[in-house]
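S.K.: My questions concern the predicted model and sequence given below.
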Amino acid sequence: MPVKIKLGLSLLVVLVSAAAFYFQHRLGHDRIQYLVAFLGVFMIFAMWLFPEVKRDESAGGVRPDA
């Protein structure tokens, strides 16, 4: 995945997580708000840490006769 897309997606996740954190706080859900914040940070961390899966043409055991 290109870096520009990762940055845009990271920004979107931060904004949604911050909004969810704020609304959970306003509703009085103290434990859930921290779970939402952790989940947002974890999603961003996992997206940057784990590389995108790249498959070969022979994935799945099917090989063309060459």
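M.R.: Arrived safely, thanks for sending.
S.K.: Give me the below-cutoff pLDDT ranges for the chain.
M.R.: Low-confidence segments of the chain, defined by pLDDT under 70, span residues 56-66.
S.K.: can you rerun that using 90?
M.R.: Per-residue confidence of the chain (counting by pLDDT under 90) places the weak regions at 1-3, 30, 50-66.
S.K.: Find the residue at the geometric middle of it.
M.R.: With the centre of the chain defined as its mean C-alpha position, the nearest residue by CA atoms, centre = their mean is M43, 3.6 Å away.
S.K.: From the chain's centroid, how far away is the helix or strand harbouring that one?
M.R.: Per DSSP states H and E, M43 falls inside helix 30-49. For helix 30-49, the separation from the chain centroid amounts to 9 Å (computed by CA atoms, centre = their mean, to the nearest Å).
S.K.: Could you do stretch 25-45 as well?
M.R.: In terms of CA atoms, centre = their mean, the centre of stretch 25-45 is found 14 Å from the chain centre.
S.K.: Could you list the buried residues of it?
M.R.: 33, 36, 40, 43-44 (16 or more other CB atoms under 10 Å). Backbone N, C-alpha and C define where each C-beta goes, glycine included.
S.K.: Closest one of those residues to V16?
M.R.: For these, the residue nearest V16 by CB to CB is G40; the value is 7.2 Å.
S.K.: Surely the closest one touches L12?
M.R.: No. With contact defined as CB atoms under 8 Å, G40 does not count as touching L12 (10.3 Å).
S.K.: Counting by contacts, list what the helix holding M43 packs against.
M.R.: For helix 30-49, the contact count by 3 or more CB pairs under 8 Å, 6 or more residues apart in numbering; DSSP states H and E identifies helix 3-27 as packing neighbours.
S.K.: List the contacts of the helix it packs on.
M.R.: With CB atoms under 8 Å, 6 or more residues apart in numbering as the contact definition, helix 3-27 has outside contacts at 32-33, 36-37, 39-41, 43-44, 47-48.
S.K.: can you rerun that using 10 Å?
M.R.: When contacts are taken as CB atoms under 10 Å, 6 or more residues apart in numbering, the neighbours of helix 3-27 outside the stretch itself are 1-2, 29-45, 47-48, 52.
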